[in-house]
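Visitor: Provide a 3D model corresponding to the input given below.
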Amino acid sequence: MENKSNFIIYFILAVIILFSDTVVASTAITATARNGQVIQGTASTTTLSLITCIQAIGGGEGGTRCNIQAPGWNGVVSEGESIGTTGPGNVVLGCDGTYAAAGGSLTCIARIDDTTCSPEQTILASSRDGSSFRGLAPIKSAAIVECTQASGSVTGATCGIQGPGYTGQLTPGQSIPTSGAGTVALARGGQYSANGGGLSCSALVSQACP
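Guide: Next up is the predicted model:
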């Protein structure tokens, strides 16, 4: 009977250990703006982190975005997008957008994740009718960034890459290594016709995850 009890205890401990390796350590922070009052969300990280804008609501024309300040990043992030930090430090969240003076407000929520790492990420960027959309990929180590597609330019489309240790243009098939952790940003390069034209590009970001 004692051996059976010991087996059950060992089995439970093994299950706990197995699943503890897959638990995602994450923290959510919230920022609001209302009646001219701004309340920022803040947190401190002790390691490389992935920060995702999981909600940005309440804005008028132009929408609402998360405004994130973190190690290696200072800028706006659209809902659903993620950025990577270059090390431990403070994270400050605000809201970017406008709201009605009478009863309007902005609310933004960001999730800080210390464990997630994606071996491969495909990011897209495009530009059409005066609007541009970039792609973002958080990385936790040095990565390889390959321009996989670029089209639509009347002068030759390229992938505009900005990441740790590199800022420049790549043509399809070209790749570059980053110098470490952080965020890879993709933008389209080239010019398109004003008569219904547009640009699009994509890049593959590959990294070794622990």
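Visitor: Quick check: the gap between the spatially most central residue of the chain and residue 112.
Guide: Geometric centre of the chain, nearest residue: residue 82, 1.6 Å, by C-alpha atoms, centre = their mean. When distances are taken as C-beta to C-beta, to the nearest Å, residue 82 and residue 112 turn out to be 10 Å apart. Yep, even glycine has a C-beta here, placed from its N, CA and C like the rest.
Visitor: Quick check: neighbours shared by those two?
Guide: Between them, residue 82 and residue 112 have 50-51 as joint contacts when contacts are counted by C-beta atoms under 8 Å, 6 or more residues apart in numbering.
Visitor: one step back: quick check: chain neighbours aside, which residue is closest to the residue nearest to the centre of the chain?
Guide: Here the nearest residue to residue 82 in space, its sequence neighbours aside, is residue 52; by C-beta to C-beta, 6 or more residues apart in numbering that works out to 4.2 Å.
Visitor: Tally up the residues packed near residue 34, please.
Guide: Residues lying near residue 34 (other C-beta atoms under 10 Å) number 14.
Visitor: mind listing what it touches?
Guide: Residues in contact with residue 34 (C-beta under 8 Å, 6+ apart) are 99, 104-106.
Visitor: Now do the helices in this protein.
Guide: If you assign secondary structure with DSSP state H, the helices in the chain sit at 2-20.
Visitor: remind me which residues of it are low pLDDT?
Guide: Regions of the chain meeting the criterion pLDDT under 70 cover residues 1-24, 154, 194, 196.
Visitor: okay, now the domains of it?
Guide: Following the TED database, one finds the domains of the chain at 26-113, 120-207.
Visitor: Same list as before, the contacts of residue 34 that is, but in JSON lines and with neighbour count and distance to residue 197 included.
Guide: Formatted as JSON lines, those follow (neighbours: other C-beta atoms under 10 Å; distance: C-beta to C-beta, whole Å):
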{"residue": "99", "neighbour count": "18", "distance to residue 197": "34"}
{"residue": "104", "neighbour count": "15", "distance to residue 197": "36"}
{"residue": "105", "neighbour count": "15", "distance to residue 197": "38"}
{"residue": "106", "neighbour count": "22", "distance to residue 197": "34"}
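Visitor: Tell me which two of those residues sit farthest apart.
Guide: Maximum pairwise distance among the contacts of residue 34 (C-beta to C-beta): 7.8 Å, between 104 and 106.
Visitor: Start and end of stretch 81-95, how far apart?
Guide: Terminal residues of stretch 81-95 lie 14 Å apart, using C-alpha to C-alpha, to the nearest Å.
Visitor: for stretch 129-146, that is, sorry about that
Guide: Stretch 129-146 has an end-to-end distance of 27 Å (C-alpha to C-alpha).
Visitor: cool, and stretch 63-74?
Guide: Note: stretch 63-74 ends 19 Å apart using C-alpha to C-alpha.
Visitor: Now do that stretch: everything it contacts.
Guide: Counting contacts by C-beta under 8 Å, 6+ apart, the residues outside stretch 63-74 that touch it are 31, 45, 49, 51, 53, 56-58, 75-79, 83-97, 106, 108, 110, 164, 181-183.
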